[in-house]
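Participant: Sequence and predicted structure below; questions after.
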Amino acid sequence: MAPALVFLAAVVIYPLATTLWGSFFSESLVRPLDGARFVGMANYVQVLSDRAFWLSLWRTILWTVGSVAGKTIIGLVLALLLVHPFRGNAIYRVLLLVPWATPQVVGAVAWKWLYDSQHGYLNYLLLMAGAIHDRIIFLGSPAAALVSLMVVDIWFGVPFMAVVLLAGLQSIPSDIYDAAAVDGATGWRQFRHVTLPLLAPVLGVATNLSVVWTFNSFNIIQTMTKGGPVGATEILVIRTYKEAFATYNVGTASTYSSLIFLILMAFSIWYWRLLRRGGSAA
Amino acid sequence: MRSRALDLIGKHVALIVILGAMLLPVVVMLGTSLKSMDQLFTWPPRLFPSNPQWQNYAEVWGGRYQYSRAFTNSVIIAVFTSLLSVLLGAPAAYGANRFKFRGSSAFMFGVLATQMISPVVFIVPLYKAMRAYHLLNTLTSVIIASTAFAVPMVIWLLHGYFSSIPKELEEAAMVDGCSRARAMVQVILPLAAPGLAAAAIYAFIMGWNQLMFPLAFLTRSELRPIPLALYDFSGYNIVFWHHLMAASMIAVVPAAIAFALVQRYLVSGLTAGAVKS
């Protein structure tokens, strides 16, 4: 395993360390010869006192919470619908995987066309159904853009959720349900007191992974809006990329990257503790 | 009995509505890829044109878009990402699984923890390293970076796979006079072949989908892989959606075939991890 360790050290640990280290320097990518100047905490002071950072963080939280909630709820509904065998079940299960198998840029491009404000199919469907009276400018208006992108991210994420939760549901022994039924628990109460607690560990791991992936989501937003209009979809990852490759402020970009790293680490540690405590209580 | 039949009908209706909505983008993509320029802008829009324009595909593939070039670049990136990831990941997974050394579980945790790190954290240092080694504007830079992201997942998948192969097999081979290296090559590798294939295909998909690294490392258009070509394409002021959708359909095919091959294994690997913890 030595080659892999060396490689991982070279391409994961070394860049991570460089990024953390680089966040204490001021450096520009367009003037590599000027070199880096040590500035201590100045980058952090600058970023943390910048309103744009906090707006971007807030947007990232909205994006992550909304998107993960959407994936989890729809995924759970699909898993519950598919868990008991019936004729045609297998076909639905295969069709369910289609978004997962679609490359992200491809899906993003297809949705961009679907959302087109003049000729897009989605406006047509909504007009026909009488749900709207005027065409919606999905990606061009700040109010609609973030939600529109969330829908796309949910579309990509539902298959993973559904498949993992389906496996979780199948691992619950059926005699527990029989016992609950004897005790008179049916429908919602059975779901609330039997299914949910037993599904909790799987649900926990799946949502944790999903939070990290959604928080880091780059391809969909970059392809569909590049963070626009007027920054309405600029989550932290997109902003970091812009700092590095649009304004070439490497130091600031490293500071953003380090903050993203710290936020996700803090989240994961908090989440694992929560799960462990929840697991022993249930 | 009647209510069970009603339940089943309700189930089918719910599934058709949800999955119909999920399939819509792909159906629209296919339909649009077969339209002519005029048919794009008719109102009301039709899903499929009455006279499908199959030549759109030929035009995208061979014409001014250089799409066959992008396709070749993507194949190169994905194949090498796949080979390198397995070459590096398989011995690591085998080692972590078979030799209990101090820190072997810490190693596996570290592997999992890399999933928590945003790729954007690496982009600046990797960019500078690529510049220092004169690798900017080469496919090698993208291959190295995307291998970096595939290796941890490959280790994770294979670690689970190696645990399912009993230790006694190679011990028996070694009792019969095989060296450990020979035991691994002759006994373990053939048994692990399906797992290795699945991991390789998984890494292939990761290489195929790469956008951020090509965007940062490549400026010469003849080096663009498919995701970057599609990205550039959709950024123009006037988008030829029928061509863009044909190009997208072409990009889906290899990824979908690869996904179909590993889907079962990927799902069981992911859920085994989820259910265990």
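Facilitator: Structure's in. What do you need?
Participant: okay but residue B:152 is in contact with residue B:111, surely?
Facilitator: Yes - at 4.7 Å, residue B:152 counts as touching residue B:111 under the criterion of Cβ atoms under 8 Å. Bear in mind the C-beta positions are built from the backbone N, C-alpha and C, glycine included.
Participant: where do the strands sit along the stretch 1-150 of chain A?
Facilitator: Assigned by DSSP state E, counting those that start in this stretch, the stretch 1-150 of chain A shows strands spanning A:25-26, A:37-38.
Participant: check whether the last one contacts chain B.
Facilitator: No - with Cβ under 8 Å from any Cβ of the partner chain as the threshold, strand A:37-38 lies outside contact range of chain B, at a closest distance of 15.6 Å.
Participant: Give me the helices and strands touching that strand, please.
Facilitator: strand A:25-26 (3 or more Cβ pairs under 8 Å, 6 or more residues apart in numbering or on different chains; DSSP states H and E).
Participant: thinking again about what came up before, tell me the most buried of the strands of the stretch 1-150 of chain A?
Facilitator: Ranked by mean neighbour count, those are led by strand A:25-26 with a mean of 18 (mean count of other Cβ atoms under 10 Å in any protein chain shown).
Participant: Centre of the chain to that one, how far?
Facilitator: 30 Å (Cα atoms, centre = their mean, to the nearest Å).
Participant: quick one: average pLDDT of it?
Facilitator: Averaging pLDDT along strand A:25-26 yields 85.
Participant: What pairs with it, parallel or antiparallel?
Facilitator: Sheet pairing for strand A:25-26, assigned by DSSP bridges, gives strand A:37-38 (antiparallel).
Participant: Relative to the whole chain's centre, how far out is the partner strand?
Facilitator: 35 Å.
Participant: which outside residues touch that strand?
Facilitator: A:24, A:25, A:26, A:27 (Cβ atoms under 8 Å, 6 or more residues apart in numbering or on different chains).
Participant: which of those residues lies closest to residue A:271?
Facilitator: Among the contacts of strand A:37-38, residue A:24 lies closest to residue A:271 (Cβ to Cβ), at 28.8 Å.
Participant: Hmm, that closest one is touching residue A:45, no?
Facilitator: No - the pair residue A:24 / residue A:45 is not scored as a contact, 11.5 Å apart, by Cβ under 8 Å.
Participant: Compare neighbour counts for the two and give me the winner.
Facilitator: Higher neighbour count among residue A:24 and residue A:45: residue A:24, with 18 against 12, using other Cβ atoms under 10 Å in any protein chain shown.
Participant: what residue ranges in chain A are flagged as low confidence?
Facilitator: Where chain A drops to pLDDT under 70, the residues are A:1-4, A:7-8, A:10-11, A:32-34, A:275-282.
Participant: Tell me which residue is most central in it.
Facilitator: Residue closest to the mean C-alpha point of chain A, counted by Cα atoms, centre = their mean, is residue A:214 at 1.2 Å.
Participant: Can you name the helix or strand that it falls in?
Facilitator: Using DSSP states H and E, residue A:214 sits in helix A:196-215.
Participant: Now for residue A:153: which residues touch it?
Facilitator: By Cβ under 8 Å, 6+ apart, residue A:153 lies in contact with A:63, A:67, A:71, A:214, A:217, A:220.
Participant: switch to 7 Å and redo it
Facilitator: A:67, A:214, A:217, A:220 (Cβ atoms under 7 Å, 6 or more residues apart in numbering or on different chains).
Participant: Most neighbours among the residues you listed, which one?
Facilitator: residue A:67 (27 neighbours).
Participant: I figured that one was touching residue A:214, is that so?
Facilitator: Yes - in this structure, residue A:67 is within contact of residue A:214 by Cβ atoms under 7 Å, at 4.9 Å.
Participant: tell me the contacts of residue A:76?
Facilitator: Per Cβ under 7 Å, 6+ apart, neighbours of residue A:76: residue A:165.
Participant: what's the spacing between the residue nearest to the centre of chain A and residue B:123?
Facilitator: 19 Å (Cβ to Cβ, to the nearest Å).
Participant: Helices of the stretch 51-200 of chain B, residue ranges please.
Facilitator: Assigned by DSSP state H, counting those that start in this stretch, the helices in the stretch 51-200 of chain B fall at B:55-62, B:67-98, B:104-113, B:120-132, B:139-163, B:167-175, B:180-183, B:189-208.
Participant: Now the weakest link among those, please, by mean pLDDT.
Facilitator: Among the helices of the stretch 51-200 of chain B, helix B:104-113 scores lowest, at a mean of 71.
Participant: so residue B:112 sits right up against residue B:159, yeah?
Facilitator: No - counting by Cβ under 7 Å, residue B:112 does not reach residue B:159; the two are 10.0 Å apart.
Participant: If you count surrounding residues, which of the two has more?
Facilitator: residue B:159 (23 against 17).
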